[in-house]
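Chemist: give me coordinates for this.
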Amino acid sequence: MKKFSISGNIVDVIGKRIFPGTIQVENGVIASITPTETPLSTQYILPGFIDAHVHIESSMLIPSEFARLAVPHGTVATVSDPHEIGNVLGIEGVRYMLSNAAKTPFHFYFGAPSCVPATSFETAGATITAEDIHTLFVKDGLKYLSEMMNYPGVLARDPLVMDKIKVAKDLGLPVDGHAPGLKGAEAERYISAGITTDHECYTLAEALDKLKYGMKITIREGSAAKNYAALHPLLGTHPDQVMLCSDDKHPHELVKGHINELVKRSIVTHGYDTMDVLRCATYNPVKHYNLDVGLLQTGDPADFIVVNNLKDFTVLQTYIKGQLVAENGKTLIPSIPAKVVNHFSTSPKKEEDFAITSNGSQIQVIEALDGELITNKLLVKAKKDGKHLISDVDQDVLKLVVVNRYQNAPLSIAFIKGFGLKQGAIASCIAHDSHNIIAVGVTDKDLCAAVNAIIENKGGISIAHHGKIEVLPLPVAGIMSHEDGFMVAKKYAEIDQLAKQLGTPLHAPFMTLAFMALLVIPSLKLSDKGLFDGTTFAFTPLAMYN
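Modeler: Modelled structure (predicted):
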């Protein structure tokens, strides 16, 4: 690799200083940093940004395409949990991600999925055991244990759960957490098991409680879950214990921005200390996860970005291991061919499969909340056509369906408020964490059409409306595309807009839909096996009787 030098105002996040200087790069490593007497230019050179917790699969892109979209925003690394593909394909799915990621100039640091399947109350495509986790650490070089979502299992000290945590602790690797709403004695007990981070806090009080017991808080601002507004004061009070992440980022939003948006918002809008914010986006994740990402020091990998100033944060160039990978908003990473792997075994459905009967006068209804993964539990009057329960558009109570993608099985049906569709149906094979098919809609006909479009393509997202169908195929594990990421982003934006034309007020309707099957986040969710109360961690009946 060629030698080169670059000059500007160097932002030293370790020394907490800014000075004019010249960086000499040789063979992808910073050979020297030479201060100068006077400023050489107005541009600033700083370490590249790190997304401290993200599921690459939720971008609907394979890692090599995710990298292409991320680097123009100054992102050089991700701490990536591959449990989405793990739930579909097991350990071989994780290895697919590792193999593809290794072919592109980007720092992907994958963890070993701790919860595959996420619970025993749903049908997943695979199982990852404690022995598998040990193999992924020792043979495949994974860096940490991914988010331990089974917090009831941790609190109860379930042996299978604790065995997985022990594997990581014995190897001196960090354990990521997932404990929405836990405070007080429960938070202390969860953290005392050896869990070091949490990205699920949705109130400042909750985050402060967990910080008190020694946990680090990762502030999340993704496509569906947006907790920055509630948690950003931590940047001022606890900057050494905070990191920044997206968790789940849809492709059309990744095209627009990434961690750079949170950095700018924190410094410019809220006025937090520049060095504190930059350390949260760079230094803190490097040190917590022991990442081999450069921090702009002599001898480090040449991972850095050039920005116009420390107000606009317009990324002019991104370098990874000394390679220029993005310039002036354009990616310089080429697309690479990738194979398709999948696990999809269900047959097309019939309209009558979506019917549900009940003698109950009231039904339990999930209430989806925009910008949140948690849901409320409502009790409402059932709307019927004869004995059939049907959507009540006037009350925004719509039919929600989960279809087992791994085998032919009866459909799981419930009702949900908050999607606001006036007509049609939307469906997705991205349904955390087992990735069965999930759909919400007004009529059984449209629900059936939307679901069958996904079955035909063995994965994807779709919209059905009065005989018209739009679908974005996602053939890799049923949840990702191997096509050009920018084209996927364009197609997704079009389908997202179509969903909003059908009446939904949600910022990210497909992302919100994907989390309505995530049983480990309260309060009420739907799996392929039935309606589930995340507070009691048990199934609950749909219909209630007077």
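Chemist: ok, the closest residue to H507 other than its chain neighbours to T512 distance?
Modeler: Nearest non-adjacent residue to H507, counting by C-beta to C-beta, 6 or more residues apart in numbering: D370, 5.8 Å away. (Each C-beta comes from the backbone N, C-alpha and C, glycine too.) From D370 across to T512, the span is 7 Å (C-beta to C-beta, to the nearest Å).
Chemist: more neighbours: the two, which one.
Modeler: In terms of neighbours (other C-beta atoms under 10 Å), T512 is the more surrounded of D370 and T512; the figures are 25 against 15.
Chemist: ok, the residue nearest to H507 touching P509?
Modeler: No. D370 is beyond contact range of P509, at 9.4 Å (criterion: C-beta atoms under 8 Å).
Chemist: how far does the helix or strand bottoming out on mean pLDDT in the chain sit from the chain's center?
Modeler: The weakest-scoring helix or strand in the chain, judged by mean pLDDT, DSSP states H and E, is strand 543-544 (a mean of 82). Relative to the centre of its chain, strand 543-544 is centred 34 Å away, using C-alpha atoms, centre = their mean, to the nearest Å.
Chemist: list the helices and strands it packs on?
Modeler: Strand 543-544 sits against strand 362-368, with contacts defined as 3 or more C-beta pairs under 8 Å, 6 or more residues apart in numbering; DSSP states H and E.
Chemist: adjacent strands (with direction) for the strand it packs on?
Modeler: With DSSP bridges as the test, strand 362-368 is paired with strand 375-381 (antiparallel), strand 412-417 (parallel), strand 543-544 (antiparallel).
Chemist: show me where the stretch 1-150 of the chain has its strands.
Modeler: 4-12, 17-26, 29-35, 44-47, 49-54, 75-80, 107-110, 145-148 (DSSP state E, counting those that start in this stretch).
Chemist: if I look at the closest residue to V403 other than its chain neighbours, how far off is S412?
Modeler: Once flanking residues are discounted, V403 sits nearest to I437: 4.0 Å by C-beta to C-beta, 6+ apart. Plainly put, I437 is 10 Å away from S412 if you go by C-beta to C-beta.
Chemist: settle it for me: which of the two has more neighbours?
Modeler: Counted by other C-beta under 10 Å, I437 and S412 do not tie: I437 has more neighbours, with 29 against 24.
Chemist: who touches that one in this structure?
Modeler: By C-beta atoms under 8 Å, 6 or more residues apart in numbering, the residues touching I437 are T346, V402, V403, R405, A427, S428, C429, A431, V451, I454, I455.
Chemist: wouldn't the first one be in contact with N404 here?
Modeler: To tie it back to what came earlier, the one meant is T346. Yes. Using C-beta under 8 Å, T346 is in contact with N404, at 6.1 Å.
Chemist: what angle do the helix or strand where L324 lies and strand 17-26 make?
Modeler: Secondary-structure assignment from DSSP states H and E places L324 in strand 323-327. Interaxial angle of strand 323-327 relative to strand 17-26 (axes from the mean of the first three to the mean of the last three C-alpha atoms, to 10 degrees): 120 degrees.
Chemist: what residues does strand 323-327 touch?
Modeler: So strand 323-327 is contacted by 1, 28, 67, 71-72, 105-106, 315-319, 331-333 (C-beta under 8 Å, 6+ apart).
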